[in-house]
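In: Curious how this folds, go ahead:
(one chain, ligands or ions: 1)
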Amino acid sequence: MSASPVIGVLGLQGDSREHLAALRAAGAEAVVVRRPAELAAVQGLVLPGGESTVIDKLLRIFELRDPLVERIADGLPVYGSCAGMILLADRVLDGTHDQQTLGGLDVTVRRNAFGRQVDSFETDLEVDGVSDRAWPSPGAEDAGPVHAVFIRAPWVEQAGPGVEALGVVPEGPAAGTIVAVRAGNLLATSFHPEITGDTRVHRLFAEMVRAA
Ligand code: GLN
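Out: This next block holds a predicted model:
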């Protein structure tokens, strides 16, 4: 594997541009993926935030669903943010009646889970493997909690034995809720690090891709 693997960002719907920028800022080579041949050429993939029901439909229309399910089963490193977390989940609560996911991550997520309290909110939280990293640049002194932005976000309601909870909401009505997980080569966050300028989650993912 080369020192700089190519990481794709699924570009069917959602905030793919922000993820491309965050990956590049994290030192990775990043390309948009919209076609099966583009998927075949990447060594890792980001599923962006957006609307999981729409991305689900577009994955089938663009004939990306089956090859992506296959690559996930083969161990492709994938990072899903918000809607991307829903797409990676094996089980979804409060999905639409015909909503499918790609699966691979042994979790049950609840879609729009925080909506019962508040649609969108921000909080600082500790994320294992992330908040102990220095930023804004490698070598900087100021490691610390991740500023997490939640936008009609899912949470992880149940996680299988092979899934590591990396971060939970620290306080408020949703305190203790799991919002960042990793299982093998799959990483998922309920929140959107790509819009905060903090590249540490993308740096963690780029390392996972390099190590795969
Ligand atoms: N609520 C969206 C969904 O169900 C996710 C929102 C987001 O990605 N910011 O897919």
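In: Parallel or antiparallel, which strands does the helix or strand of the chain with the lowest mean pLDDT pair with?
Out: Within the chain, judged by mean pLDDT, DSSP states H and E, the helix or strand with the poorest mean is strand 120-125; its value is a mean of 91. Strand 120-125 pairs in its sheet with strand 146-151 (antiparallel), by DSSP bridges.
In: Can you give the distance of the following helix or strand past the strand it pairs with from its chain's centre?
Out: Counting by DSSP states H and E, the next helix or strand C-terminal to strand 146-151 is strand 155-159. How far strand 155-159 lies from its chain's middle: 14 Å, per Cα atoms, centre = their mean, to the nearest Å.
In: Next, see if strand 155-159 gets close to the ligand.
Out: No - Strand 155-159 is not in contact with the ligand by Cβ under 6 Å from any ligand atom; minimum separation 11.4 Å. No exception for glycine: its C-beta is placed from N, CA and C like everyone else's.
In: Can I get that strand as PDB, trimmed to CA atoms?
Out: Provided in PDB are the C-alpha atoms of strand 155-159 (Å, rounded to 0.1, in the frame of the first residue of the first chain):
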ATOM      1  CA  TRP A 155     -27.700   7.800  17.800                       C
ATOM      2  CA  VAL A 156     -26.600   4.300  18.400                       C
ATOM      3  CA  GLU A 157     -29.300   2.600  20.400                       C
ATOM      4  CA  GLN A 158     -27.700  -0.800  20.600                       C
ATOM      5  CA  ALA A 159     -24.200  -2.100  19.700                       C
END
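In: Show me what it packs onto, helices and strands only.
Out: With contacts taken as 3 or more Cβ pairs under 8 Å, 6 or more residues apart in numbering; DSSP states H and E, strand 155-159 sits against strand 105-110, strand 178-183.
In: hmm, who's touching it?
Out: With contacts defined as Cβ atoms under 8 Å, 6 or more residues apart in numbering, strand 155-159 is touched by 85, 91, 93, 106-110, 113-114, 165, 169, 174, 177-179, 181, 188, 190.
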